[in-house]
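Asker: Build the 3D model from these lines:
(chains A and B)
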Amino acid sequence: MIRLLALLAALALAACAPRPLEPRFIAQGLPEDLADWGMVAVREGRLVLADGAQPYELNTPLFTDYAGKLRTVWMPKGQAATWSDDETFDFPVGTVLTKTFFYPTAADGAVASGDGLKLSETGEGLDLARVRLVETRILVRRAEGWVALPYVWDDDQTTAKLKRTGQPIAMTRVRPGRSDRFTYQVPNVNQCAGCHGTNHATKALQPIGLKARHLDRDVAVGGQGFNQLARLEAIGYLRGLPARRPGGVDWLDEREPLDARARAWLDINCAHCHSPTGPADTSGLYLTLAAAGPQLGLCKPPIAAGQGTGGFRYGIHPGKPDESILVYRTASLDPGAMMPELGRALAQDEAVALLRRWVAGMPGGCG
Amino acid sequence: MGQGMRRIFSGMATLCVLGAALTLAGCGGGGTAAKPDTAYQETLIQQLIDAKPGDLISIPAGVYAIDRGLSLEVDGVTIKGAGMDKTILTFKGQTAGAEGLLVNASNFTIEDLALEDAKGDALKVNEGENIIIRRVRAEWTGGPKTSNGAYGLYPVQVKRLLIEDSVAIGASDAGIYVGQSQNVVVRRNRAEFNVAGIEIENTQNADVYDNLATNNTGGILVFNMPNLKVPGFGTRIFRNRAVGNNTANFGRKGTAVASVPAGTGVIINSNDKVEIFDNEIGGNNTANVIISSFFSAGYKAGEGTSETFDPWPESIFVHGNRFSPGGGKPDGVELQALRVALFGLSGALPDVLWDGYVDRAKFLAGKPDPALAICVDNGAAKVLNADLPNKAKTPRVIDMRCKLAPLPAANVAFAGPIPTESNIPAPGKS
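Answerer: Numbering: from 1, shown residues only, chains lettered A, B, ... in the order given. Take a look at the predicted model:
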C-alpha cells in the first residue's frame, strides 16, 4: 500500500514536472508550434535551451532593430559540419538552427536595446521577467536544402506559433531621454530568401553567421569560458578545424583598426546581398571583405538607387561621409531608400557613426 | 497595328489621363477612391508563399491595401488580376519593403492588375528567365514627385522578357526600366509623367516598339552604366511615339536620369549598336534625339568606373523617323544660350543633339572606324555637335549621313513574330 502511494506520488510529480526538452529534426512539413522542435521552450518563467542546442554569438552581428538575439545550433547524434575558411560551414541534413529575437522590457510596454547583451548574459536562457520574446526563427537543413520558418511568440510568452506570412508588430524603443515608435517586422518566409538566398541564381538558402570569421570568438557561458570554434569541435559539431584559426573582428572593439571594424559591419549586414552572386549584384556594389575600388563604392555612381541616392553622386565619396550614398542609405528610415531593405525599421546609430568616421578618414576624393 | 490605329490608341490613352484627373475615376488611379480591403493581403502573401510551379494566383477585382513588400520566389507562377483598372494593389500605407512586389523566379507572368504608390519600386523582377509583364499598370497617383518610388516595371538580369500593353506613370526614375537583361521585347506600352519613360540599360538585344512615351522628362532611354557585369548593345527603337516629353526633371539628384534634360524624345547614353527608326518623335523641347556619353553626365574617365567600361556611344543608326518640331526651348541655361547663339532667338536646336565625344583609341589609321560610326540618315534632320570635349568651344551643325546594317530582332519566341525592317513599311508609305 505504501509502495503504491509512493508510486502514485511519483507519477503525480512526473505529471507536474516540466516536460524535458527533446530536440529533434523534423524532416518535412511545417510544424505549427515551436515546441515541436524541442530546441527552446519556456519553463517556469524562463526561455531555456535543450541539451545539445549549443548557444553561440557572432563577432559582429547583423542589426535587427536593436533586438537581442539568442542563437543555437543543434545536430543529430554523430553528425558534424565541415569546416570552410571563408564560406558558411557545410552542415549535415538534420541540423537545426534557432534564433530567438527578444528585447529587455521597459516601463509601459516599451522595450530597451537588447543587441548589446552577450552570451555570458543570455547563454543559459532568458528570464522572462526581464525580457520580451518576439520571434524565434528556425533554419533547418533538410534533404532539399535549408528551410526557414518564423515562429511568433504570443502575448502570454508561453508559446510560439508558425507565422509564415510574417507579422508587423508595433513597438516602442526607449533609451535615456528618448523613445522611438517603430514597426518590428517578422519576415514572411519568402523574405527570408532576401538575406539567406545568398546565391541569387540557385536561390538556395544559407545560414549567414555560421562562418569561421564570425564564430572565432572567446565567450563565457555559466562562468565557463571557451572559444566557440573549439567548443563546436569538442562537442562533435564541427570537423576539419585547422591548426590556425582565422580570427574575426568585433565591430565594437576599439582596439581594432577602424577600417577592419567598418568592413566587418558591412560584411555581416550587407555582403549577403552585395556580393558577386547575391541579389544586389545588379548594383555593381560589393560589400564583401574582398571588394575594393569602385566595387566597394569608391567614387562609384549608383546604378538604380532611385530615392536611395539621397541626392549624392557616389556610393562612397572618400572624405565626405555627408555626400556618400552608403552612409545616407544606412541612416535612412524610408522603405524606398534604406539599406538593408529588410530587417530594420530603425537605424543603427552607432553603425552609422562608425561608417561616417570610416568614410571621413578616407584619403582622396572624387570628381 | 497601323499608324492610324496607334494614333487612336494613344489618343484614347491621353483622354483616360485627363478623365482620371478630372473625375478621380476611370482609367488610372481612380480605383483608390474606393475604401481599400486591408484583409486580403494576408491571403495574397500566403498564396505567394505556398505557390507551386504552374499555379495561377488570381486576384479578383477590388482595391487592396498592402502595407509591406510582397515577394515571390517560385518558378512558373502566373499572377492575374481582373484588369489594370479593376484589380488594384495600393501600397500607400507601406511601412516596409523596398518594392511593391519583388519576384525572383523564372517562367513568371503577371497580368491585368495595377500596383499603385509603392514606396520603392512597384514591380521588380530580379533574375529569371521567360518573364511576361502584360497589361500591368504601375502608377504613383499623386503625379510626378521626387518622393515617388524609383521604378514602375523593373525587370533586371532576366533572359527573354516581354512587357506589353502596360502603363507606367509617375516614376521618379524610369516608368519601364529593363536592366542587365538579354532578349527583350517592350511593346504597346504607355509611359507618362516619369523622369524616364522607358529605359533600356546594360541590356543586349532589345526591341522597343509601338510604345507611347509622352509627358516624361525623357521619352525613351538606352543607357550603359559602369561597374556592371555586362555592357548593353543591340537595341532597336522603332514605331514608337516619343512626343512632348517636357516634364521638368524631378529625379533624385545623383541618379543617372537626373542628368537627362527635360524635353528629350530619345536619348542614347554610352550604349552601342542602337537603331532608331520609323518612330514619330516631336515636340520635345530640348531635342528629339540625344546621343551622348557618360562624360556628359559629369563623370570623369577612369574614376569610379571599372576599366572595361566603354563610355562612348558607338554604331548608332538613326533613320526613317518622322520628326516634328522640337528643340525650341531646351532645358538649362547652357543649352538655351547655345540655341540662341547658333539658331537665333526664335530658332530651335536640330532634331539630333550629339555631345561630340569620340574614342580616338579606336581609330583605324587615324580615321574613325565606320563600323562604330553614329549615322543620322533621316531626310532633312540635322545634327548638332555640341563639342563638349572642348568645353563647347565650337558647337556646330554637322553632316553625319551614313548607313549601318540593320540590327536583328530580339529572340523572344513567346512574343510571337517581331517586326524586322524587311516587313516594316518604308517611311511615308504607312
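Asker: what residues go with each domain of chain A?
Answerer: A:16-239, A:258-360 (automatic domain parsing).
Asker: what's the longest strand along chain A packed up against?
Answerer: What stands out as the longest strand in chain A, according to DSSP state E, is strand A:131-142. Applying 3 or more CB pairs under 8 Å, 6 or more residues apart in numbering or on different chains; DSSP states H and E, one finds that strand A:131-142 contacts strand A:96-104, strand A:145-153, strand A:160-162, strand A:178-186. C-betas here are computed from N, CA, C, even on glycine.
Asker: The helix or strand just after the shortest one packs against which elements?
Answerer: Reading on from strand A:160-162 to the C-terminus, the next helix or strand found by DSSP states H and E is strand A:167-175. Counting contacts by 3+ CB pairs under 8 Å, 6+ apart, strand A:167-175 is packed against strand A:178-186.
Asker: The strand it packs on pairs with which strands?
Answerer: strand A:167-175 (antiparallel) (DSSP bridges).
Asker: For the strand it pairs with, list the C-alpha coordinates in PDB.
Answerer: Taking C-alpha atoms only, strand A:167-175 is exported to PDB below (Å, rounded to 0.1, in the frame of the first residue of the first chain):
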ATOM      1  CA  GLN A 167       3.800  39.900 -39.000                       C
ATOM      2  CA  PRO A 168       4.300  43.600 -38.300                       C
ATOM      3  CA  ILE A 169       4.400  44.300 -34.500                       C
ATOM      4  CA  ALA A 170       4.100  47.900 -33.200                       C
ATOM      5  CA  MET A 171       6.800  48.600 -30.600                       C
ATOM      6  CA  THR A 172       8.400  51.500 -28.700                       C
ATOM      7  CA  ARG A 173      12.100  51.500 -28.000                       C
ATOM      8  CA  VAL A 174      13.200  53.600 -25.100                       C
ATOM      9  CA  ARG A 175      16.700  54.900 -24.200                       C
END
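Asker: Contacts only, for A:L30.
Answerer: Going by CB atoms under 8 Å, 6 or more residues apart in numbering or on different chains, A:L30 touches A:149, A:162, A:164.
Asker: B:N215: which of those residues is nearest?
Answerer: A:R164 (42.5 Å; CB to CB).
Asker: I figured the closest one hits B:I49, correct?
Answerer: Yes - between A:R164 and B:I49 there is a contact under CB atoms under 8 Å: 5.4 Å.
Asker: and for those two, which residues touch both?
Answerer: In contact with both A:R164 and B:I49: A:188-189, using CB under 8 Å, 6+ apart.
Asker: Quick check: nearest residue in space to B:D278, chain neighbours excluded?
Answerer: Spatial nearest neighbour of B:D278, excluding adjacent residues (CB to CB, 6 or more residues apart in numbering or on different chains): B:F238 at 4.6 Å.
Asker: That should have said B:W312, apologies.
Answerer: B:D359 (4.4 Å).
Asker: Enumerate every residue touching that neighbour.
Answerer: B:310, B:312, B:314, B:372.
Asker: Partner strands of the longest strand of chain A and their direction?
Answerer: strand A:96-104 (antiparallel), strand A:145-153 (antiparallel).
Asker: I'd like the mean pLDDT over the first one, please.
Answerer: Per-residue confidence for strand A:96-104 averages out to 98 on the pLDDT scale.
Asker: Run through the residues that contact the closest residue to chain B within the stretch 151-300 of chain A.
Answerer: Residue of the stretch 151-300 of chain A nearest chain B, by CB to the nearest CB: A:C299 (3.1 Å). Neighbouring residues of A:C299 by CB under 8 Å, 6+ apart: A:314-318, A:366-367, B:303-304.
Asker: do B:V243 as well
Answerer: B:212-214, B:219, B:265, B:280-284, B:324.
Asker: out of everything not next to it in sequence, what's closest to the residue of chain B found nearest chain A?
Answerer: Going by CB to the nearest CB, chain A is nearest to B:A150 of chain B, at 2.3 Å. Counting by CB to CB, 6+ apart, B:A150 lies nearest to A:G306, which is 2.3 Å off, once chain neighbours are set aside.
Asker: I figured the one you found hits B:G120, correct?
Answerer: Yes - assessed by CB under 8 Å, A:G306 is found in contact with B:G120 at 6.6 Å.
Asker: what do the two both touch?
Answerer: In contact with both A:G306 and B:G120: A:336-337, B:149-150, using CB under 8 Å, 6+ apart.
Asker: Weed out the non-buried ones from the residues you listed.
Answerer: Applying 16 or more other CB atoms under 10 Å in any protein chain shown to the shared contacts of A:G306 and B:G120, the neighbour count classes A:336-337, B:149-150 as buried.
Asker: Which of the helices or strands spans the residue positioned nearest the centre of chain B?
Answerer: Closest to where the C-alpha atoms of chain B average out (CA atoms, centre = their mean) is B:I198, at 1.0 Å. Using DSSP H and E, B:I198 sits in strand B:196-201.
Asker: circling back: highest neighbour count among the contacts of B:V243?
Answerer: B:G265 (38 neighbours; other CB atoms under 10 Å in any protein chain shown).
Asker: Name the helix or strand of chain A that has the lowest mean pLDDT.
Answerer: helix A:2-16 (a mean of 54; mean pLDDT, DSSP states H and E).
Asker: picking that back up, list the buried residues for the longest strand of chain A?
Answerer: Those would be A:131-141, for strand A:131-142 by 16+ other CB under 10 Å.
Asker: right, and the pair among those residues with maximum separation?
Answerer: Longest span within the buried residues of strand A:131-142, CB to CB: A:R132 and A:R141, 29.3 Å.
Asker: Which parts of the chain are helices?
Answerer: Defaulting to chain A. With DSSP state H applied, chain A shows helices at A:2-16, A:119-122, A:189-196, A:212-215, A:228-234, A:258-270, A:325-331, A:349-360, listed in chain order.
Asker: Correction: the question concerned chain B.
Answerer: So, for chain B - with DSSP H - the helices run B:3-23, B:40-50, B:333-343.
Asker: Low-confidence ranges, the stretch 151-300 of chain A, go.
Answerer: The stretch 151-300 of chain A contains no residues with pLDDT under 70.
Asker: which residues sit in contact with the residue nearest to A:R164 when sequence neighbours are not counted?
Answerer: Nearest residue to A:R164 in three dimensions, chain neighbours excluded: A:V189, at 4.8 Å (CB to CB, 6+ apart). Neighbour list for A:V189: A:148-150, A:164, A:166, B:49 [criterion: CB under 8 Å, 6+ apart].
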